[in-house]
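Trainee: show me the folded form of this:
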Amino acid sequence: MLTRREILVLEDIVKVYRASSVETQALRGITLRVYSGDFIAIMGPSGSGKTTLLNIMGLLDKPTSGRVFIDGLDVSKLSSSEIARIRNYKIGFVFQFYNLINRLSVLENIEIPLIPRGIPRSRRVEMATKALLRAGGELSWLPKKPNQLSGGQQQRVAIARAIVGEPEIILADEPTGNLDIASSKIVVKTFQELNKTGATIIVVTHNPEVAYCTQKIHVIRDGLLVSVIEPDPDKCILNTTT
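Mentor: Got it, this is the predicted structure:
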């Protein structure tokens, strides 16, 4: 049996936002260990700190105090360029509103993470094509602009962009929050398939039907992880008739 390693570790993470003389404590001492191959959900109501936590996991933001480890590396001791490199190679992001660039084609959007790596264009096209198919997309979308696609199609393009560089960690912030039920099911099924191939996936959601499709649910409330729930597969969105 293979030993799973700690791929992402948060130690006593605190995040305080300051505006003039007002302080808002978004995270209040979160400790979490994520292992390679995990598929977990962070579930909680709006304002509970879900997105702040995900941004810190993805090295898009820094904690006020506490430490973040990626594959055993304490990122607080790394330079900005080293952090950017880890983010590019290790982490893929999927957002609620896709964050695609409408002036670029679908192909150009997907290949964006590969450009800083210096990969030749012909190889980028191959990798982008493969990623789009893995994300459940269609090759006919490649020359189109994102605004020519439906919301569900755009999210599949966003997933392709997230996985094109074969990152070990995929972070998804309310990935079904802007989608209808049919498109949501496609996105969740795609995440399950990616997880089966070894990807570590963390999904932030307020939707229990999405959270129930993962392996473990961490409940966040008022900036604290308050409980862990074992999902009920029968309540997964893929198994419901809604």
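Trainee: from here on, contacts and neighbour counts on C-alpha atoms
Mentor: OK.
Trainee: and after the strand or helix carrying residue 42, which helix or strand comes next?
Mentor: Under DSSP states H and E, the secondary-structure element containing residue 42 is strand 39-43. Going down the chain from strand 39-43, the next helix or strand is helix 50-57, by DSSP H and E.
Trainee: what does that following helix contact?
Mentor: The contact list for helix 50-57 (CA atoms under 8 Å, 6 or more residues apart in numbering) reads 8, 10, 26-27, 42-44, 61-63, 68, 171, 173, 204-205, 220, 223.
Trainee: stretch 234-242 now?
Mentor: For stretch 234-242, the surrounding residues in contact (CA under 8 Å, 6+ apart) are 181, 185, 188, 189, 208, 209, 210, 211, 212, 213, 233.
Trainee: ok, now with 7 Å
Mentor: Outside stretch 234-242, the residues that touch it by CA atoms under 7 Å, 6 or more residues apart in numbering are 185, 209, 210, 212, 213.
Trainee: residues contacting the residue nearest the centre of the chain?
Mentor: Residue closest to the average C-alpha location in the chain (CA atoms, centre = their mean): residue 171, at 1.5 Å. Counting by CA under 7 Å, 6+ apart, residue 171 touches 92, 93, 94, 201, 202, 203.
Trainee: ok, now residue 172?
Mentor: Contact analysis of residue 172 by CA under 7 Å, 6+ apart lists 93, 94, 95, 202, 203, 204.
Trainee: please repeat the previous calculation with a cut-off of 8 Å.
Mentor: 93, 94, 95, 96, 201, 202, 203, 204.
Trainee: direction included, what does the strand holding residue 42 pair against?
Mentor: strand 200-205 (parallel), strand 216-221 (parallel) (DSSP bridges).
Trainee: still on that earlier bit, wait, is the residue nearest to the centre of the chain part of a strand?
Mentor: Yes: the assignment for residue 171 by DSSP: H, G, I helix; E, B strand; the rest coil puts it in a strand.
Trainee: what's across from it in the sheet?
Mentor: With DSSP bridges as the criterion, residue 171 is bridged to residue 93, residue 202.
Trainee: about what we covered before: the contacts of residue 171: which two are farthest apart?
Mentor: Across the contacts of residue 171, no pair lies farther apart than 92 and 203, at 11.9 Å, counting by CA to CA.
Trainee: which single helix of the protein contains the most residues?
Mentor: helix 181-196 (DSSP state H).
Trainee: other SSEs contacting that one?
Mentor: Helices and strands touching helix 181-196, by 3 or more CA pairs under 8 Å, 6 or more residues apart in numbering; DSSP states H and E, are helix 151-163.
Trainee: circling back: looking at the strands paired with strand 39-43, which is buried most?
Mentor: strand 200-205 (a mean of 25; mean count of other CA atoms under 10 Å).
Trainee: give me the angle between that strand and strand 169-173.
Mentor: 10 degrees (axes from the mean of the first three to the mean of the last three CA atoms, to 10 degrees).
Trainee: how far out from the middle of the chain is strand 200-205?
Mentor: Computed by CA atoms, centre = their mean, to the nearest Å, the chain-centroid distance of strand 200-205 equals 6 Å.
Trainee: what's the answer for stretch 147-167, then?
Mentor: Offset of stretch 147-167 from its chain centre (CA atoms, centre = their mean): 12 Å.
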